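Visitor: For reference, the sequence and a predicted model appear below.
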Amino acid sequence: MTATIYLASKSPRRRELLSAYGWRVEVLSDPTEPRGWFAGDEEEMPDETPEAYVLRTAVTKLMDGIAARDELDSPVPGAPVVAADTVVSLDGRILGKPRDAAEATAFLRAMAGREHSVRTAVAVGRSKDDYRTAVVLSKVRMKALTDEEIASYVATDEPWDKAGGYGIQGIAGLFVSSITGSYTAIMGLPVCETAELLAAYGAPAPVLGQ
């Protein structure tokens, strides 16, 4: 059994979620790398469904993380690597990280008063030939939003590194009237499914004393 895991993600939310359950999290991604939208980041393929997109990007991040772990001087023996990605979609259209205030505003206007889908894929493994995945689908309904509410939210720092341009765990929680599915998956990491995958690789949640 190992309590150490490697995280192939720049997301502080994912690191905090895993740490809260007792895992010793070693982050493989450079925290100084861009976290908002940038050219070439998580590009959507032609005719790609939201589920195919989010699974592909999570596995790509896992492969990059495994390569980074293998370059470490002394990696922890047996410690698995975790990667994840989240995608928001509305009417089948992917709403990625907003490029600017205009796109963030457009995303929020489109979602206001409606239900949208949030899919988070998690990939866990030890090598490029030995990994497992899970995709969790949740539904989020936002209340009707005024132009003033949208403008005030876009003026904060929250939209820029988040799928769909909002974070449910932050100020945008004020806009969410209901959810169906996994709250932590909407945040960016489905902890139930992630814990099951980690347990399969000999790293059950330390908080349970296993």
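Guide: That came in fine, so what should we check first?
Visitor: Show me what counts as buried in the longest helix that the chain contains.
Guide: Longest helix of the chain, by residue count under DSSP state H: helix 50-70. By 16 or more other C-beta atoms under 10 Å, the buried positions in helix 50-70 come out as 50, 53-59, 61-63, 65-66, 68-69. Backbone N, C-alpha and C define where each C-beta goes, glycine included.
Visitor: and of those residues, the nearest to Pro75?
Guide: Pro75 lies nearest to Arg69 out of the buried residues of helix 50-70, by C-beta to C-beta, at 5.2 Å.
Visitor: Touching, the closest one and Tyr6? I think so.
Guide: Yes: with contact defined as C-beta atoms under 8 Å, Arg69 counts as touching Tyr6 (5.2 Å).
Visitor: any common contacting residues for those two?
Guide: Taking C-beta atoms under 8 Å, 6 or more residues apart in numbering as the contact rule, the neighbours common to Arg69 and Tyr6 are 28, 75, 79, 81.
Visitor: so where do the helices sit in the protein?
Guide: Assigned by DSSP H, the helices in the chain fall at 12-20, 50-70, 101-111, 147-154, 183-187, 191-200.
Visitor: quick one: the spatially most central residue of the chain and Pro77, what's the gap?
Guide: The residue lying closest to the centre of the chain (C-alpha atoms, centre = their mean) is Gly188, at 3.2 Å. Look at Gly188 and Pro77: by C-beta to C-beta, to the nearest Å, they are 28 Å apart.
Visitor: Name the residues that touch the longest helix of the chain?
Guide: Defining contact as C-beta under 8 Å, 6+ apart, one finds that helix 50-70 is touched by 6-9, 28-29, 42, 44-45, 48, 75, 79, 81-87, 89, 92, 94, 117, 119-128, 131, 133, 135, 137.
Visitor: I'd like to know which of the residues you listed are buried.
Guide: 6-9, 28-29, 42, 44, 75, 79, 81-87, 89, 94, 117, 119-126, 131, 133, 135, 137.
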